[in-house]
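Enquirer: I'll drop the sequence and a predicted model, then ask my questions.
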Amino acid sequence: MITLIQNIQELLQVRETSIAKVSGAEMAVLPTIKNAFLILEDNLISDFGSMENLPEIKADKIIDATGKVVLPSWCDSHTHIVYAGNREQEFVDRINGLSYEEIANRGGGILNSAKKLNETPEEEIYEQSKVRLEEVMHLGTGAVEIKSGYGLTVDGELKMLRVIKRLSENYPITIKATFLGAHAFPTHYKENKAGYLDEIINEMLPEIAKNKLADYVDVFCESGYFSVEQTEKIMEAGIAFGLKPKIHVNQFNSIGGIQAGIKFNALSVDHLEIMNPEDIEALKGSETMPVALPSCSYFLSIPYTPAREMIKAGLPVALATDFNPGSTPSGNMNFVVATACIKMKMTPEEAINAATINGAYAMGLSETHGSITKGKKANLILTKPISSYYQIPYAFGSNLIESVFIEGKILPNNNP
Ligand code: NIG
Ligand code: FE
């Protein structure tokens, strides 16, 4: 099946040869072709160029994109899409003055979601989660990482990871699974933290590895959650089972999580709302991708990741949603890109690079996703007619997407 998209006003993120990521000053450069064509062969990108050079081909389907922009679909490298119920009550409690940490300290927060998750049948969790997955696909996400971490028991964690596996089997979007058993200490282990670490390392990890249920291992490295020492133990154990680390660090405090992540060659370190100069220094020269989650900063009213300083220091930055019931009940990458521009002062070019190729890197998917490159997946966003791609962050509350392609096929019912 050959699809030709022609007369594209502007084709974004065009890379002749595959690159892994963009860093520092390179992030300001978003290669594009104006008045372009794009040819898809089955599920892959097979050719692209300027309309002047359109080859004579027999296409099965021709789409006219006059006035419209085409770009690779968003790569959302950090989500907790699989969960049960919601935390609307805590949202209202926060409006009335309680902080996220105060709510967590009185048994709400992650433990609230863990209780709900363990009480909810697997089938029901799947049904609730697939609605969110379908929603983010229609919002232009073409590859997504999903974490466990609301089970906090052997059964609960396995249940979540099985749901993630089933989603990846039933949907065309690329999904990477991350084991986040170390998301919080369950109440019955409050006085026996070593006991929970033992359960993660000696019960959960072997079972997960045996059933090939995860690609990555994550830890919430934060004061009151997992210390740097505990984080290192879990990363080490995860690596022994073939899981590369991708960790939560520096959300509320800078306690050395970034340095620990780099030491264990983490694929990414995520959150980074609180960064000191040593943290930025530590990331220089590493292969670890720093991931910012601006929707979380927005929803919790906490600082935004200092992306400008990081880019100035030559670092790459990726953007992701953090979609979860507590700190970010939104999986909208368009809003993430807009918020990165509006609040973090990233340029549209930097934000689009961060949400495509650098997001792909943070999921180990740079070779197949994140740019318009021959042979990569035909996962694309076709916008409505817009004046320029600046509209994407500028018109921050509008849905500018006309259609989403996943594996070369248009998602049905995209126009509400
Ligand atoms: O990335 N910070 C840790 N984990 C999630 C929030 C979890 C929750 O509140 O349910 C996050 O923000
Ligand atoms: Fe998270």
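Expert: Thanks, I have the structure now. Ligands and ions are numbered 1, 2, ... in the order given.
Enquirer: would you say L4 is within a helix?
Expert: No - counting by DSSP: H, G, I helix; E, B strand; the rest coil, L4 is not found in a helix; it is strand.
Enquirer: look at the nearest residue to it once chain neighbours are set aside and say how many residues are nearby.
Expert: Leaving out its chain neighbours, the residue that sits closest to L4 by Cβ to Cβ, 6 or more residues apart in numbering is A59, at 3.9 Å. C-betas here are computed from N, CA, C, even on glycine. By other Cβ atoms under 10 Å, 15 other residues sit near A59.
Enquirer: measure A59 to ligand 1 for me?
Expert: A59 sits 43 Å away from ligand 1, going by Cβ to the nearest ligand atom, to the nearest Å.
Enquirer: was I right about that residue contacting T3?
Expert: Yes - using Cβ atoms under 8 Å, A59 is in contact with T3, at 6.4 Å.
Enquirer: mind listing the shared neighbours of those two?
Expert: I39 (Cβ atoms under 8 Å, 6 or more residues apart in numbering).
Enquirer: how about the residues of the stretch 51-200 of the chain by ligand 1?
Expert: With the criterion set to Cβ under 6 Å from any ligand atom, the stretch 51-200 of the chain comes near ligand 1 through G109, I110, S113.
Enquirer: quick one, what contacts the last one?
Expert: If a contact means Cβ under 8 Å, 6+ apart, then S113 has Y83, A84, G85, R87, Y150, N324, P325, G326 as its contacts.
Enquirer: ok, the nearest residue to the fourth one once chain neighbours are set aside - how many residues close by?
Expert: Taking Cβ to Cβ, 6+ apart as the measure, R87 lies nearest to P325, with 4.6 Å between them; neighbours along the chain are not counted. Burial of P325 is recorded as 24 neighbouring residues (other Cβ under 10 Å).
Enquirer: coming back round to it: so of the residues of the stretch 51-200 of the chain next to ligand 1, which ones are in strands?
Expert: With strands taken from DSSP state E, there is no overlap with these.
Enquirer: over to D270: give its phi and psi.
Expert: Dihedral angles of D270 (phi, psi; degrees, to the nearest 10) stand at phi -120, psi 150.
Enquirer: next one: K147
Expert: phi -100, psi 150.
Enquirer: again with A184
Expert: The phi and psi values for A184, taken as degrees, to the nearest 10, are phi -160, psi 160.
Enquirer: doesn't T79 belong to a strand?
Expert: No - if the criterion is three-state DSSP, then T79 is coil and not within a strand.
Enquirer: show me the contacts for it.
Expert: V136, V144, E145, I146, K147, A320, T321, D322, F323, N324, G331.
Enquirer: okay, domains of the protein per the record?
Expert: Annotated domains of the chain cover 2-72+371-410, 75-361 [automatic domain parsing].
Enquirer: ok, back up a step: now, the residues of the stretch 51-200 of the chain next to ligand 1 that are in helices?
Expert: Residues of these located in helices (DSSP state H): I110, S113.
Enquirer: with pLDDT added, can I get the residues of the stretch 51-200 of the chain next to ligand 1 in TSV?
Expert: Output for these, formatted as TSV (pLDDT from 0 to 100):
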residue	pLDDT
G109	96
I110	97
S113	98
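Enquirer: leaving out chain neighbours, which residue sits closest to the residue of the stretch 51-200 of the chain found nearest ligand 1?
Expert: Of all residues in the stretch 51-200 of the chain, I110 sits closest to ligand 1, at 4.7 Å by Cβ to the nearest ligand atom. In this structure, I110 finds its nearest non-sequential neighbour in A184, 4.1 Å apart by Cβ to Cβ, 6+ apart.
Enquirer: touching, the one you found and N112? I think so.
Expert: No - the criterion here is Cβ under 8 Å, and A184 misses it with N112 at 10.2 Å.
Enquirer: those residues of the stretch 201-350 of the chain touching ligand 1, which are they?
Expert: F220, H248, Q251, C296, D322, N324, P325, G326, S327.
Enquirer: need the buried ones from the residues you listed selected in ChimeraX.
Expert: Of those, the buried ones can be selected in ChimeraX as follows, counting by 16 or more other Cβ atoms under 10 Å:
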select :220,248,251,296,322,324,325,326,327
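Enquirer: isn't there a helix covering V217?
Expert: No - assignment of V217 by three-state DSSP gives strand, placing it outside any helix.
Enquirer: around M344, how many other residues sit close by?
Expert: Counted with other Cβ under 10 Å, the neighbours of M344 add up to 22.
Enquirer: mind listing what it touches?
Expert: Counting by Cβ under 8 Å, 6+ apart, the residues that M344 touches are A292, P294, Y304, T305, P306, A307, R308.
Enquirer: please report how far the residue nearest to I110 lies from G326.
Expert: 11 Å (Cβ to Cβ, to the nearest Å).
Enquirer: which neighbours do those two share?
Expert: G109, I110.
Enquirer: and the residue nearest to I110, how far from V219?
Expert: Counting by Cβ to Cβ - A184 and V219 are separated by 11 Å.
Enquirer: looking at these two, which one has more neighbours?
Expert: V219 (32 against 23).
Enquirer: so how far is I5 from the more buried one?
Expert: In this view, V219 and I5 are 42 Å apart by Cβ to Cβ.
Enquirer: ok, whatever residue of the stretch 301-416 of the chain ends up closest to ligand 1 - contacts?
Expert: Relative to ligand 1, the nearest point of the stretch 301-416 of the chain is G326 (2.2 Å; Cβ to the nearest ligand atom). Taking Cβ under 8 Å, 6+ apart as the criterion, G326 is in contact with R87, E90, Y100, G109, I110, N112, S113.
Enquirer: among the residues you listed, which one has the most neighbours?
Expert: Most surrounded of the contacts of G326: other Cβ under 10 Å gives S113, at 26 neighbours.
Enquirer: find the residue closest to A28 in space, skipping its chain neighbours.
Expert: In space, A28 is closest to E349, 5.4 Å off (Cβ to Cβ, 6+ apart).
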